[in-house]
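Asker: Please work out how this folds:
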Amino acid sequence: QVQLAESGGGLVQAGGSLRLSCAASGRTFSIYRMGWFSQAPGREREFVVAVNWSGSSTYYADSVKGRFTISRDNAKNTVYLQMNSLKPEDTAVYYCAADTRGVGIVRSTNTYTYWGQGTQVTVSS
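Answerer: The predicted structure is shown next:
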């Protein structure tokens, strides 16, 4: 089992920044990849960004390229999402997720085995 705990959400004005954190615990040695997904009211959960646990590869949704950056600190078993130049359309609950199988489509929710509880990000105009 892997447990994930997000933090760092909040309310920010358009153009501002937030940094989300996702701390993993439990069988962290089994993690192959970590991802962040967002879910706005009435919409499906959408892929935002992912990183291989080794740090060798990162994957970004087109909508966040150049604005969001994912990083990880393996010593702390923590993944970070730095969100800059935030827009009102970024408003959503953000979930981190862990892939422990290493197969499947990076951008698909079905690829990820474990999920955090989510943290709310609200961007005001």
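
Asker: and the gap between the residue lying closest to Ser71 once chain neighbours are set aside and Ala24?
Answerer: Nearest residue to Ser71 in three dimensions, chain neighbours excluded: Tyr80, at 4.9 Å (Cβ to Cβ, 6 or more residues apart in numbering). The C-beta positions use only the backbone N, C-alpha and C, and glycine is treated the same way. The gap separating Tyr80 from Ala24 is 12 Å, by Cβ to Cβ, to the nearest Å.

Asker: more crowded one of these two?
Answerer: Ranked by neighbour count (other Cβ atoms under 10 Å), Tyr80 and Ala24 place Ala24 first, with 23 against 19.

Asker: Mind giving me the packing neighbours of the helix or strand containing the more buried one?
Answerer: Using DSSP states H and E, Ala24 sits within strand 18-26. Packing contacts for strand 18-26, counted by 3 or more Cβ pairs under 8 Å, 6 or more residues apart in numbering; DSSP states H and E, involve strand 2-7, strand 33-39, strand 78-83, strand 92-99, strand 119-124.
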